[in-house]
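Colleague: With the input below, show me the fold.
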Amino acid sequence: MTKEILGHEAGGTIYTISDLSQRFDVTTRAIRFYESEGMLSPQRQGQKRLYSQRDYITLKLILRGKRLGWSLAQSRELIQMYNPAKNNQAQYEKVLEMVQQSRERLQQQLSDIETMMDELDNHESQIRDAMKKI
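Modeller: Residues are numbered from 1 along each chain as shown. Model prediction:
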């Protein structure tokens, strides 16, 4: 139930926790966790949480970082580095550094998986050969 509400961030779009949960296919519990970690700052209307466009974007960045294997602390650092007055240069440089680290980690994992697959193939072949001799 996304709404346009005047007075909320100058009439910007707001989202309920259910909206965010559905849009990002994440549990409301996860959203409340990010809130408890200080990453999201919804306004309250009674018991209802009202999330701003900024919260929406922050959640999107948190989940993107998670998919890339970044910790919540790393995502927090990147989000806090946002500084359009300086063209976000420091943030971009940090992202590139983290992308390179993620790429190296994934390349090592891929190499490890290929090694394991070769070992499984060899083991399977040895067992099949042994079974033929029975």
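
Colleague: Tell me which other helices or strands the helix or strand encompassing Ser75 touches.
Modeller: Assigned by DSSP states H and E, Ser75 belongs to helix 72-80. Contacts defined by 3 or more C-beta pairs under 8 Å, 6 or more residues apart in numbering; DSSP states H and E place helix 72-80 against helix 53-67, helix 89-132. For the C-beta atoms, the positions are set from N, CA and C on the backbone; glycine is no exception.

Colleague: my guess is Lys66 meets Gln74, correct?
Modeller: No. Here Lys66 does not reach Gln74: they are 10.0 Å apart, not a contact under C-beta atoms under 8 Å.

Colleague: higher neighbour count, the two?
Modeller: Neighbour totals were compared for Lys66 and Gln74, and Gln74 leads with 18 against 15 (other C-beta atoms under 10 Å).

Colleague: quick revisit: show me what counts as buried in the helix holding Ser75.
Modeller: Buried positions in helix 72-80, judged by neighbour count with 16 or more other C-beta atoms under 10 Å: 74-76, 78-79.

Colleague: which stretches of the protein aren't confidently modelled?
Modeller: Flagging of the chain using pLDDT under 70 yields the residue ranges 1-11.

Colleague: what's the distance between Leu96 and Arg54?
Modeller: Leu96 is 24 Å from Arg54, where distance means C-beta to C-beta, to the nearest Å.

Colleague: more neighbours, those two?
Modeller: Neighbours of Leu96 and Arg54, each counted by other C-beta under 10 Å, are more numerous for Arg54; the result is 13 against 10.

Colleague: measure the more buried one to Gln109 for me?
Modeller: 34 Å.

Colleague: Glu93 too?
Modeller: To Gln109, Glu93 is 25 Å away according to C-beta to C-beta.

Colleague: looking at the helices and strands packed on helix 72-80, which is buried most?
Modeller: helix 53-67 (a mean of 17; mean count of other C-beta atoms under 10 Å).
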